[in-house]
Structures are given as C-alpha cells and as structure tokens.
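**Q** sequence first, then the predicted structure, then my questions.
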Protein chains: 2
Amino acid sequence: MISSLAGKRCLVIGAGGFIGGHLCDELALAGAHVSAFGRRPRFPSSRMPDVWFEYDARNVEALRVALAGTDIVFHVLGSADPTASNYNVSNALLETIAIDGTIIDLCIAQQVERLVFVSSGGTVYGPAQYLPIDERHPTNPLSAYGVAKLCVEKILQLQKQLVDMDYIILRVANPYGPRQDPHRGQGVVAKLLYRAMLNEPIDIWGDGSAVRDYIYISDLVRAIVAASTAKLSLERTFNIGSGTGRSVNDIVTAAEMLLVRRVQRHHLSQKSGMVSANVLDCSRAHAMLDWHPTIAWHDGLSQTLAWITGYYGPLEDRSRDEPVA
Amino acid sequence: MISSLAGKRCLVIGAGGFIGGHLCDELALAGAHVSAFGRRPRFPSSRMPDVWFEYDARNVEALRVALAGTDIVFHVLGSADPTASNYNVSNALLETIAIDGTIIDLCIAQQVERLVFVSSGGTVYGPAQYLPIDERHPTNPLSAYGVAKLCVEKILQLQKQLVDMDYIILRVANPYGPRQDPHRGQGVVAKLLYRAMLNEPIDIWGDGSAVRDYIYISDLVRAIVAASTAKLSLERTFNIGSGTGRSVNDIVTAAEMLLVRRVQRHHLSQKSGMVSANVLDCSRAHAMLDWHPTIAWHDGLSQTLAWITGYYGPLEDRSRDEPVA
C-alpha cells in the first residue's frame, strides 16, 4: 500500500499532453519526484519536471530506461481524436496495444508499485443503456480508440490475476481547462471558447444536443493523484467525471453569457463513432477514493476563457490560428 | 438476408482443426461450395473440400486470394491451449488481433455477406458471477486468449456500426467428439478417454471439480451452419453449449462406466487462467437460431470413445502416442 506521494518516484507517460502537464504539476505539489515521458508540452507550466524522456512511446528501450527505478507509473497517453481511430481500426488497435502492452510488461518486470491507467469514460461504454453510466454498464465502444482502451483494461485485470500486478483504471470524462490546445481534435470546450472569443462561427456536429460529461482539469488531476495512493480491494475501475451532462448548445450558451454577445453556430452532419449522451455516475470514486469535483461549471469555463484570452490575446473579429508572439 | 447455403461460396478459416474439419463436412452436406484455409487436418474426413489454401493465417496475401468471391466466411481459428497464451500476454494479443483484424478488413473490402466468428464461451466471461452464464454476463477473461477473442468481438460490433458489416458471434463451449486430437492441449474429453482406454493414469488439474460445458461436435457445427443463414436483428452474439455442467470427475466416472473398469487419477496443482465453473445459458440461440443440441452426454462420449478405439486400436496397458499404422 502506498500511503503518500512524498518522495515517490513518479513517471508520467504522455506528460506533454493536456492531462499530463497538469498532472506533473499536481504530483510535484504532492512532493513526488516527477519524471516525464513523451513530447514536450505546447503550453509548459512553471513547474516542469527536471527529468524529461523526450521519446516516442513506441520506443521500447526508451520506455525501459525511463521506467527503471520508478515507484508509480501514470499512463495518460491519449489521442488527438478518437473518431480518427476509425479510419483504420486494426492499425489503431495494434498500435495502442503494442505500446500499452509494453508499458504493462515493463511495469511487471520492474516491479512498479502501481500503474495508474487513464482510460476513457467517454468512449469505452458506447451507447448509454441508462444514465448516468456506472462502472457496471456494458462496454460496447463506437470507436477503435474505445476498443483499444477497453482491451488494455482487460490486460490489466488479467495481469492482476496472473502476477498480482497493482493497477487502477480511471475512466475519465471529457477534461477541459486552461492549457488545452484549442487547435486539436479533442477538447470541444477549448475549441468553442476560442472560436467564440474570435467572434467566428462555431462548428457543431449534428444539432448540438449531444450530451457529454465535462470535468475541470484540476478536479481530474486530483482524482489521478488520489488514485495513485488509494487503498484498493476488489474494485479497481473508477469513473471520473462531473456527473452532470452538458450539451454542445449548453457550452455555446455559456460562452455567450461569458462574452456577453451572440455566437454564430455552423451545423455539420453527425460524425460516426459518437454517442448521443454520456454522463458518468462517479459515486464509486466518491466513496472509495474520497474524491469529489469542486469546480463549478461556470467557474471552470470562466477560468478556461481567461487562459485562452490571456494566451491568445484579446482578439476580435479576426481569424488566426497561432498564438500572439 | 441469406436464406440457404445451397450454392453459397463458403470459406472456412482454420479448416484443419477439430471444429473446422467437421464444419467443412456439414457445409458440404448443406450444398455449399466449400473452400478451406489453413493447415491440412490431422484426421481428414471423406468429404474434404477440393479447394484448399494451405497457408498460415498471418499471410495477408493468401487470405486476400482465398477470400475473393466468398459469400460467407467462417472463422474457426482457435488455439491449442488458452492457458499457454498467458506466457506472453502482449504477443498473444497482438498476433490474434493482427490476423483477425486482417480477416475483418478483407471481409469488408470484399463485401462478404456474413462473417461467422467462433469465439470462446469458456474464456471470454472469466469467473462466473452466476450460472448458467448468459450473453449479458460481464466479460473478464482470465487468459490472453479470452481477452483477444473479446477484443475481436468488439471490433466486429464496431464495424457493424461503422460500415454495417454483417457478422455473428458464437461463444462456444468446450467441443468434443470424434477426430479431436487426444495429444493437444485442448480437448480434455479426448485426452481423458484416450488415456483411460490405454489404462494409463489420468492427469487432473486440481481436485477434478472444475465444471465445464461440453458440446458434442455435430451439435456445434449444426449451430454454426444455422448461424450462417439466420435472420438477425439486434442480437448478434450467442452462447452455444449443452447448458449442462460436467466436472472432470464426471468425465472420468463416465469413462469408467464405458470401459467397465477403474481409471487411475493423478492430481496436479491448479493451472492459472482457469475458472472453477463455466456453464452456458443458450436460450438465446434456442429462440433465435432455432437450434438445440440433440446428442446426449453418454452417447457423445460413447461415439468419441468408439472413434478413439477405432483409430488408435484397442490398446491395453501400453504407452504409445502414435496411431497404429
């Protein structure tokens, strides 16, 4: 059992991403020795890890070196766009399983204390048979990304039985907040706020009624840190979300309130691999990880918009995709 | 919708195995044009397909050629021993997903009418939370073999959503019957009857109380053929088993009755990756495929023993592993 992160050697795989960057900060605050693996972040914080393994996760030798002597591994590798994984299902699966399988094998070989695996509450369940979705809900993903995450979850469960590997799976909702890149496939909140700030039309897939569970990034990384030291018995899979569903239209309306002006909507045809509603029941995490989200929706949006405005400048009525120098 | 197999071009992938061989016979009886893919069978029947693609399933080009012009593909590739897959979990998964992913991609590209996928009712569910196990039971496999089968099932479900691929999944119980190789890892019935016939001690993992669902091979291949033409709506996953649990001790007792003598038991320590009980609830297949097993347990065992005795000779008190020339 891991009682505290103070002095623990933590490796964050995918440290350059949105979740990874914030997680590195939170781990450092908790007194951990943090190493990072992956590309450098686009939006670095002031608390970047000193040790950075700047390699592709397909590089097995680099992973092996990075993992040596690590106490706790945080796997927060994600995807720019889950729906893109459907263009070549087999390849997407094989690539993910090769990388994640290697990480798991190395964690076992190097006797890591725990692997914290960030899975996807938005994709592993597929179409909701009921709402909110708890961890016992059937898992029928509508994207290769979701199938791959699910498959890795099954490998972890199996390795617990075979070699008593210590893992925890967090099925996280859609994170949003400062330092989320508004130009990538994921991150609808960042993208909408950025476009709204620019006073540009907002692309909406379908009629904008698709409901998602959005979790503020600081709430999410607190959950990940809690997961890394939680005492676990039977249950090792936890939903991490706000527990509240918000439609794309809700985000646009909120953006209009924050900006005090109308936003133009541009409706596109529905994408494949999307479910109509996804809201997570997180009562298991509340009870067993003693974790609760604390940031209210409008506060989270407001802070996100403040960061976007601060970073990209108070731009009006112009179209540019690069930050102000 | 496929109304009849008469004149249909069927490809059996894994035709050289126990299930594949019997399936080729049954398809030929149903009037299909049968092609075979894979190694040649160890125990050929009198009704072998004329067209035989004798290639490894990792050979993508060979699969592509074999699949060209096929109406219905039967995927009955299995494993000699699911527990062996746990020696290298990642490799076992990657190999299976590479092969099965290719087969699925080719079925889509060549617009095959239906892919009949033989999955594993004995491994995809993992530890039984209730008995008998229906198709809605949680899936937490205890072997990489089971994880791989489950992952392929998820790919099929996904491709139905993405490109309307027509598939059916059969989660089959433990098949037994004539022409099952008594010298391979799978096939406990054949192995036990063979050893009992030789009057040799029988190796039993654990105390022999492990319960499995055994399905006679002719019942199984009738189910596979029914699945190939069944009209399907929402449900595409079906358990195929006898619905009755038998322990290893039950098999030994039955063998003693058939042979009219005592059999020596040799108990070994429990293998990993094994569940204590697995019995399938097949009521969905009864209702929607109009399929019911017809061969009684003792008749099936008796016919299996008759084949073993006929093939290996009426041997007594000697140890030999090769058939009589």
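**A** Yep, it's here. Numbering: from 1, shown residues only, chains lettered A, B, ... in the order given.
**Q** quick one, helices of the stretch 101-250 of chain A?
**A** Per DSSP state H, counting those that start in this stretch, the stretch 101-250 of chain A carries helices over the ranges A:144-163, A:188-197, A:217-229, A:248-259.
**Q** for A:V116, which of those helices is the nearest?
**A** helix A:217-229 (5.1 Å; C-beta to C-beta). Every residue, glycine included, has its C-beta placed from N, CA and C.
**Q** now that closest one, how far from the centre of its chain.
**A** Centroid separation for helix A:217-229 versus its chain: 11 Å, with C-alpha atoms, centre = their mean, to the nearest Å.
**Q** neighbouring contacts of that helix?
**A** A:2-5, A:10, A:18-19, A:22-23, A:25-27, A:30, A:72, A:74, A:76, A:114, A:116, A:118, A:168, A:170, A:172, A:175-180, A:238, A:240, A:242, A:285, A:289-291, A:293-295 (C-beta atoms under 8 Å, 6 or more residues apart in numbering or on different chains).
**Q** so of these, which ones are in strands?
**A** In this view, those that belong to strands under DSSP state E are A:10, A:72, A:74, A:114, A:116, A:118, A:168, A:170, A:172, A:175-176, A:238, A:240.
**Q** got CSV for the residues you listed, with pLDDT and neighbour count too?
**A** Shown next, in CSV, are the ones in strands among the contacts of helix A:217-229 (pLDDT from 0 to 100; neighbours: other C-beta atoms under 10 Å in any protein chain shown):
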residue, pLDDT, neighbour count
A:C10, 98, 24
A:I72, 98, 24
A:F74, 98, 32
A:R114, 98, 22
A:V116, 98, 25
A:V118, 98, 28
A:I168, 98, 22
A:L170, 98, 25
A:V172, 98, 24
A:P175, 97, 26
A:Y176, 97, 27
A:F238, 98, 28
A:I240, 98, 29
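**Q** next, format these as CSV and append distance to chain B.
**A** Shown next, in CSV, are the ones in strands among the contacts of helix A:217-229 (distance: C-beta to the nearest C-beta, whole Å):
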residue, distance to chain B
A:C10, 24
A:I72, 21
A:F74, 20
A:R114, 19
A:V116, 19
A:V118, 19
A:I168, 16
A:L170, 18
A:V172, 20
A:P175, 24
A:Y176, 27
A:F238, 16
A:I240, 21
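**Q** can you say which two of those residues are spatially most distant?
**A** The span of the ones in strands among the contacts of helix A:217-229, defined through C-beta to C-beta, is set by A:R114 and A:Y176 at 26.8 Å.
**Q** got the ones in strands among the contacts of helix A:217-229 as a markdown table, with distance to A:M48 columns?
**A** Output for the ones in strands among the contacts of helix A:217-229, formatted as a markdown table (distance: C-beta to C-beta, whole Å):
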| residue | distance to A:M48 |
| --- | --- |
| A:C10 | 14 |
| A:I72 | 19 |
| A:F74 | 15 |
| A:R114 | 23 |
| A:V116 | 20 |
| A:V118 | 20 |
| A:I168 | 25 |
| A:L170 | 23 |
| A:V172 | 23 |
| A:P175 | 19 |
| A:Y176 | 22 |
| A:F238 | 28 |
| A:I240 | 24 |
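**Q** just checking, A:C10 touches A:A66?
**A** No: using C-beta atoms under 8 Å, A:C10 is not in contact with A:A66, being 11.5 Å away.
**Q** quick check: neighbours shared by the two?
**A** A:S35.
**Q** is chain B contacted by the helix or strand hosting A:S90?
**A** If you go by DSSP states H and E, A:S90 is part of helix A:89-109. Yes: Helix A:89-109 is in contact with chain B by C-beta under 8 Å from any C-beta of the partner chain, via A:V89, A:S90, A:L93, A:L94, A:I97, A:A98, A:G101, A:T102, A:I104, A:D105.
**Q** what does the stretch 101-250 of chain A put close to chain B?
**A** So the stretch 101-250 of chain A meets chain B at A:101-102, A:104-105, A:136, A:138-144, A:147, A:150-151, A:154-155, A:157-159, A:161-162 (C-beta under 8 Å from any C-beta).
**Q** the same query, at a cut-off of 6 Å, please.
**A** Proximity of the stretch 101-250 of chain A to chain B (C-beta under 6 Å from any C-beta of the partner chain) is limited to residues A:G101, A:D105, A:N140, A:L142, A:V147, A:C151, A:K154, A:Q157, A:L158, A:Q161, A:L162.
**Q** now, the most widely separated pair of those residues?
**A** Greatest spatial distance among those (C-beta to C-beta): A:L142 and A:L162, at 30.1 Å.
**Q** more neighbours, those two?
**A** Just comparing A:L142 and A:L162: by other C-beta atoms under 10 Å in any protein chain shown the higher neighbour count belongs to A:L142, 22 against 17.
**Q** how close does that one get to A:G126?
**A** 5 Å (C-beta to C-beta, to the nearest Å).
**Q** and the pLDDT for the residue nearest to A:M257 when sequence neighbours are not counted?
**A** In space, and not counting its chain neighbours, A:M257 is closest to A:H298: 7.9 Å by C-beta to C-beta, 6 or more residues apart in numbering or on different chains. On pLDDT, A:H298 comes in at 95.
**Q** now A:A80
**A** A:A80 is given a pLDDT of 61.
**Q** what's the end-to-end length of stretch A:109-126?
**A** From its first residue to its last, stretch A:109-126 covers 33 Å (C-alpha to C-alpha, to the nearest Å).
**Q** so how far is that stretch from its chain's centroid?
**A** Here stretch A:109-126 is found 11 Å from its chain centre; the criterion is C-alpha atoms, centre = their mean.
**Q** please enumerate residues in contact with stretch A:65-85?
**A** Residues from elsewhere that reach stretch A:65-85, judged by C-beta atoms under 6 Å, 6 or more residues apart in numbering or on different chains: A:8-14, A:17, A:19-20, A:37, A:53, A:57, A:92, A:106-107, A:110, A:112-118, A:123, A:143-145, A:184-185, A:228, A:271, A:273.
**Q** buried residues in it?
**A** For stretch A:65-85, a neighbour-count test (16 or more other C-beta atoms under 10 Å in any protein chain shown) marks A:66-67, A:70-79, A:81-85 as buried.
**Q** ditto for stretch A:201-210
**A** A:I202, A:I204, A:G208, A:A210.
**Q** surely A:A128 touches A:V279?
**A** No: at 7.7 Å, A:A128 does not count as touching A:V279 under the criterion of C-beta atoms under 6 Å.
**Q** of these two, which one has the most company?
**A** A:V279 (21 against 17).
**Q** let me know the pLDDT of that one.
**A** Note on A:V279: pLDDT of 98.
**Q** quick one: contacts for it?
**A** A:L131, A:P132, A:D213, A:G245 are the contacts of A:V279 under C-beta under 6 Å, 6+ apart.
**Q** skip the chain neighbours and tell me the closest residue to it.
**A** A:G245 (3.9 Å).
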